[in-house]
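J.: Using only what follows, build the 3D model:
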Amino acid sequence: MNPSYQKIWTTVNAIPPGKVASYGQVADLAGLPGRARLVGKSLGFVPEGQSVAWHRVLRSNGQLAFPKGSEQALKQTGLLQEENVVVLNHRVKLAEFQWQPDLGELLFTLKY
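T.: Numbering: from 1, shown residues only. Down below sits the predicted model:
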């Protein structure tokens, strides 16, 4: 298993309900700058029985990464809406819902 995956999963699980982050933002916060694609790849390798809040991770423009109308996109939309995140036309307004952690929150939640 890629050792970076656990850092990514821990970072994704630190995103609070009702907030989202981009793949690049997760990579940066996990100490893997420039590795946005690795974030996406790692979310496809979460071990069975481990819970990762994958639905809170979006493209840098706020768009869902799954094709519009696909089963995965519908599931992600539903999970986000359950957390009161507004998804309109396959997109989330990052200005309103993007996670902006302060240093204290990062130090408290991101313990690798």
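J.: List the buried residues in stretch 29-40.
T.: Neighbour counts over stretch 29-40 (16 or more other CB atoms under 10 Å) mark 29, 30, 32, 35, 36, 38, 39, 40 as buried. Just so you know, the C-beta spots here come from the backbone N, C-alpha and C atoms, and that holds for glycine as well.
J.: Between the two ends of it, how far is it?
T.: End-to-end distance for stretch 29-40: 14 Å, by CA to CA, to the nearest Å.
J.: how far is that stretch from where the chain is centred?
T.: Between the centre of stretch 29-40 and the centre of its chain there are 11 Å (CA atoms, centre = their mean, to the nearest Å).
J.: repeat for stretch 14-34
T.: Stretch 14-34 sits 6 Å away from the centroid of its parent chain (CA atoms, centre = their mean).
J.: just stretch 43-56 next, same as before
T.: 10 Å.
J.: buried set for that stretch?
T.: Residues of stretch 43-56 classed as buried by neighbour count (16+ other CB under 10 Å): 43, 52, 53, 54, 55, 56.
J.: so what's the closest residue to the last one other than its chain neighbours scoring on pLDDT?
T.: Nearest residue to residue 56, sequence neighbours excluded (CB to CB, 6 or more residues apart in numbering): residue 15, at 4.4 Å. The predicted local confidence for residue 15 comes out at a pLDDT of 96.
J.: Could you do residue 109 as well?
T.: At residue 109, the model reports a pLDDT of 66.
J.: What of residue 40?
T.: Note on residue 40: pLDDT of 97.
J.: List the residues that contact it.
T.: By CB atoms under 8 Å, 6 or more residues apart in numbering, residue 40 lies in contact with 23, 57, 65.
J.: got JSON lines for those residues, with secondary structure, neighbour count and distance to residue 100 too?
T.: Putting those into JSON lines (DSSP: H, G, I helix; E, B strand; the rest coil; neighbours: other CB atoms under 10 Å; distance: CB to CB, whole Å) gives the following:
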{"residue": "23", "secondary structure": "helix", "neighbour count": "23", "distance to residue 100": "16"}
{"residue": "57", "secondary structure": "strand", "neighbour count": "24", "distance to residue 100": "15"}
{"residue": "65", "secondary structure": "coil", "neighbour count": "16", "distance to residue 100": "21"}
